[in-house]
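1. Here is my input; please provide its structure:
(2 chains)
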Amino acid sequence: MAKRDLISIDDLSAADVDLLLDTAESFLPVLQRDIKKVPTLRGRTVINMFFESSTRTSTSFDLAAKRLSADTIGIKAKGSAVDKGESLKDTIITLSAYSPDIIVIRHPRAGACQLASANTTASIINAGDGKHQHPSQCLLDLFTLRQAFGRNLRGLKVAIVGDILHSRVARSDIAGFQLLGMDVTVIAPPTMMPREVDSLGVNVRYDLAELHKADVIYLLRIQQERITQGANFLPSLREYANVWGVTRSRLRPGQKVMHPGPINRGVEISAAVADDPDTLIAQQVEAGLAVRMAILYRTIVGSTDSDTKEAL
Amino acid sequence: MTRRLWSAPARGADVLIRGARVVDPLAGLDETLDVLVRKGRILQVGTGLEAPTGCRTIAADGWLLLPGFVDLHTHLRTPGREDEEDLASATRAAAAGGYVAIFAMANTDPVVDTASLVQALALRAQTEAVVPVGFFAAVTRGLRGEQLTEMWELAQAGAVGFSDDGRPLSSAHLTRRALQYAKVTDRFVAVHAEDESLTRGGVMHEGAVSAKLGLGGMPPVAESIEVDRALELAAYEQGRLHLCHLSTAASLEHLERAKKAGVQVTAEVTPHHLTLTDECIRSLDPNYKMNPPLRPEADRKALAQALRSGLIDCVATDHAPHAQQEKEVPFEDAPFGTLGLQTAFAAAHQTLVASGALKLPVLAERMSQSPARIAGMAVPTVQAGEEANLCLVDPRETWTVTSAELHSKAKNSAWLGAKMKTRVKLTIAAGSVAWEDGAR
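-> Coordinates of the predicted model:
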């Protein structure tokens, strides 16, 4: 049987997504117990390779594997043979000698996961490759939305605001949101909008004039390096905050704010909005664990064993 | 977001102008009429009008009454070089030239690159300016060609558009970013098109005259290459581009192609490029040194033709005051630039209209209504109900351009000593009399 990878959200059908989200939901009670561990993946090996800094994603993948009783190994670029100039291909081949079941990879370059997958029998899970994809983020975002709005997300209006050009979260979420029938608008300074982004089937806006139309406002982090000399994506963070920053006064009651983190208070999100308990930001972080458990679990067992209750 | 103009408060004019030839393409007028202005507003346009009591009458037989001119390209020298020009002197020169609005470029010292500076200038204009003034803001901080300015905030403060004029944008990358980002502000980017790697060391047009004089040449391709690049980028980004002071026939070919393809571009030409050529420089008079430089007759003709056809949208002065001591040096050492506001219409009228190269209504449109539309301001027009923004011109009065006649603090006019055959007699800007000949 061919191995299962999760490299892009485009690899999944709506039914696949539903199954993953249902599976994640069934893991929630486990995370409420005193002993937060099930034997499901006992004897399995999960390698977490992070070639880029990460808090949420690396922690939650590691913890998810441990909650499922898998053996986990964490590898960072720093302190590994990668530091000595080993190629990604050779690192993957070397690690494959230990017969891991799953390799979770975050890498600064798009395509790292395809290269890895071609050189190992282990399943590859993309934890973020360059500006390309971040499918587990998309799935936890969808999980969070289901918790907030119910199972049927069809017709829900989402505005993704921020640096669309450089965002793998945006690329994953656009595809995932549309897969479940949501209506997506992207909002960014013209300098941070990918050319021909409308070909992705999204509405394109350059300011917040129509922000009130959205049910959900999904904010992206604005990185300091976008304003460094020569880049000129923005004149200043101050100007970004003035034009595109989401503040209380720019929100209408009932709108839900999401953010993949880490947030920049005072830039894309005001401190008051960030601290508002009505946002879904904390729920996103919480969802990360159950969703990544579901991803690991389904990667190993596939969709045939749909009765997860039994596995627990 | 409103583009704003500021001037000192003044009493609304009360005047009946009787018997002038009113030429206003927007109003569809070219006939002898009376125009009654009450409290700064045009009350009536007609024949046989009577002056109400307390309202003076000007007998304007044989004179022209035109919509007031708008200059998209003034170097105000304020802040920083008030010894050369300030808001009061520049707007007096503008008024004496028939202008009812001018827009100042950002290459002052300090550069107009923050909203607070625009606001400070606006405050000063509200006490000093006799003609409404608007302000460009820089594209890059300090005109250094590195980092974009906070265009949105500058637009909020009232900036009319963005330009690093005086200098070209340093790279295609920067031009692209500026065109992209300016979309947020609904403003245009005005470009001084010059490849500095080709003009380095140049002081005049590269051609027969520079060959004779032994002066460093500025090849016309240095402009047209950059014009083409800016146009391609504007097309690609669907940005709004304004081309400053075009001076070569080759630039016009690029412009024509781009306009036909639907690029959002407007362009201006200066009075000196329309009326003078590089032959003038044989005198080695530094007042003929400007950038872009005066070009040969073939280019001048092509520019006049393009202004007539509308390929070039408007006349803009590139009014550039320079201190006497800075221009009274050998040609090669002098700074670039000439005054323009006070002589623009007279020069264009007596050269282009008198020779038949341009019809008067077309010149009026290109100096008034067309630039006003580009700036996004209320378009001057001689129609009842409108605020009075007009000028009255004697098309036959001769006068000599002298230092004493020039209202600018600096006196570096390319027309200094020239005999003019057209004179502005009265200017009403934003409803107030800003200039009246002989009433000083």
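2. Hmm, residue A:265 and residue A:274 touching each other?
-> Yes - with contact defined as Cβ atoms under 8 Å, residue A:274 counts as touching residue A:265 (5.5 Å). (C-beta placed from N, C-alpha, C; glycine too.)
3. Near chain A, which residues of chain B are found?
-> B:146-153, B:173-174, B:177, B:180-181, B:183-184, B:237 (Cβ under 8 Å from any Cβ of the partner chain).
4. Widest-spaced pair of the residues you listed?
-> By the measure Cβ to Cβ, B:153 and B:173 form the most distant pair in those, at 22.7 Å.
5. The two: which has the busier surroundings?
-> Each of residue B:153 and residue B:173 has its neighbours counted (other Cβ atoms under 10 Å in any protein chain shown); residue B:153 has more, 21 against 13.
6. which element is that one on?
-> helix B:151-156 (DSSP states H and E).
7. now what about that helix, what contacts it?
-> A:235, A:239, A:242-243, B:1, B:113-115, B:118, B:137, B:139, B:159, B:162, B:181-182, B:184-187 (Cβ atoms under 8 Å, 6 or more residues apart in numbering or on different chains).
8. and with 7 Å instead?
-> A:235, A:239, A:242-243, B:1, B:115, B:118, B:137, B:162, B:181-182, B:184-185, B:187 (Cβ atoms under 7 Å, 6 or more residues apart in numbering or on different chains).
9. Is it possible to mark the buried ones in those residues?
-> A:235, A:239, A:243, B:115, B:118, B:137, B:162, B:181, B:182, B:184, B:185, B:187 (16 or more other Cβ atoms under 10 Å in any protein chain shown).
10. quick revisit: counting neighbours, go ahead and name the busier of residue A:274 and residue A:265.
-> Between residue A:274 and residue A:265, counted using other Cβ under 10 Å, the more crowded position is residue A:274 (18 against 14).
11. The more buried one contacts residue A:263, correct?
-> Yes - counting by Cβ atoms under 7 Å, residue A:274 does reach residue A:263; the two are 5.6 Å apart.
12. quick one: which of the residues of chain B next to chain A is nearest residue A:109?
-> For the residues of chain B next to chain A, the nearest to residue A:109 is residue B:173 (23.1 Å; Cβ to Cβ).
13. Just give me the neighbour total for the nearest residue to that closest one once chain neighbours are set aside.
-> Nearest residue to residue B:173 in three dimensions, chain neighbours excluded: residue A:232, at 7.3 Å (Cβ to Cβ, 6 or more residues apart in numbering or on different chains). Around residue A:232 there are 22 other residues, counting by other Cβ under 10 Å.
14. confidence score at residue A:232?
-> At residue A:232, the predicted lDDT confidence score is 89.
15. At which residues are the strands of the stretch 101-250 of chain A located?
-> A:102-107, A:123-129, A:157-161, A:183-187, A:203-205, A:216-219 (DSSP state E, counting those that start in this stretch).
16. Redo the ones you listed as a markdown table? Include distance to chain B, mean neighbour count and mean pLDDT.
-> Shown next, in a markdown table, are the strands of the stretch 101-250 of chain A (distance: least, Cβ to the nearest Cβ, whole Å; neighbours: other Cβ atoms under 10 Å in any protein chain shown; pLDDT from 0 to 100):
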| stretch | distance to chain B | mean neighbour count | mean pLDDT |
| --- | --- | --- | --- |
| strand A:102-107 | 28 | 26 | 97 |
| strand A:123-129 | 27 | 26 | 97 |
| strand A:157-161 | 14 | 23 | 98 |
| strand A:183-187 | 11 | 23 | 98 |
| strand A:203-205 | 11 | 16 | 98 |
| strand A:216-219 | 18 | 26 | 98 |
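17. so which of these comes closest to residue B:350?
-> strand A:203-205 (51.6 Å).
18. Can you name the residues of the stretch 101-250 of chain A sitting close to chain B?
-> A:189, A:190, A:191, A:206, A:207, A:229, A:232, A:235, A:236, A:239, A:242, A:243 (Cβ under 7 Å from any Cβ of the partner chain).
19. burial count for the closest residue to residue A:141 other than its chain neighbours?
-> Of all residues not flanking residue A:141 in the chain, residue A:173 sits nearest, at 5.8 Å (Cβ to Cβ, 6+ apart). If you count neighbours by other Cβ under 10 Å, residue A:173 ends up with 27.
20. And for residue B:191?
-> As a burial measure, residue B:191 scores 29 neighbours (other Cβ under 10 Å).
21. who's in contact with the residue nearest to it when sequence neighbours are not counted?
-> Counting by Cβ to Cβ, 6+ apart, residue B:191 lies nearest to residue B:230, which is 4.9 Å off, once chain neighbours are set aside. By Cβ under 7 Å, 6+ apart, the contact list for residue B:230 reads B:175, B:191, B:193, B:241, B:243.
22. As TSV, these with pLDDT, distance to residue A:201 and secondary structure would be great.
-> As requested, the contacts of residue B:230 are exported to TSV (pLDDT from 0 to 100; distance: Cβ to Cβ, whole Å; DSSP: H, G, I helix; E, B strand; the rest coil):
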residue	pLDDT	distance to residue A:201	secondary structure
B:175	97	31	helix
B:191	98	35	strand
B:193	98	39	coil
B:241	98	31	strand
B:243	98	37	strand
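23. Which one (most neighbours) among these?
-> Of all those, the highest neighbour tally under other Cβ under 10 Å goes to residue B:191, namely 29 neighbours.
24. Kindly state the beta-bridge partners for it.
-> residue B:243 (DSSP bridges).
25. Touching, it and residue B:246? I think so.
-> No - at 10.5 Å, residue B:191 and residue B:246 do not qualify as touching, with contact defined as Cβ under 7 Å.
26. residue contacts, the residue of the stretch 1-150 of chain A found nearest chain B?
-> Of all residues in the stretch 1-150 of chain A, residue A:131 sits closest to chain B, at 18.3 Å by Cβ to the nearest Cβ. For residue A:131, the contact set (Cβ under 7 Å, 6+ apart) comprises A:110, A:166, A:167, A:168.
27. mind running it again at 10 Å?
-> Contacts were defined as Cβ atoms under 10 Å, 6 or more residues apart in numbering or on different chains; by that measure residue A:131 touches A:108-110, A:163-171, A:194.
28. Nearest to residue B:334 among the contacts of residue B:230?
-> Set against residue B:334, the nearest of the contacts of residue B:230 by Cβ to Cβ is residue B:193 (22.3 Å).
29. Quick check: which ranges of chain A have low pLDDT?
-> By pLDDT under 70, the weakly predicted segments of chain A are A:1, A:229, A:304-312.
30. Run through the residues that contact the residue nearest to the spatial centre of it.
-> Nearest to the centroid of the C-alpha atoms of chain A, with distances taken as Cα atoms, centre = their mean, sits residue A:137, at 1.4 Å. Going by Cβ under 10 Å, 6+ apart, residue A:137 touches A:9, A:56-57, A:127-128, A:168-169, A:172-173, A:176, A:260-261, A:284, A:288, A:291.
31. before we move on, what about residue B:28?
-> Taking Cβ under 10 Å, 6+ apart, we find residue B:28 in contact with B:361, B:383.
32. quick one, phi psi at it?
-> For residue B:28, the backbone dihedrals (degrees, to the nearest 10) come out as phi 70, psi 30.
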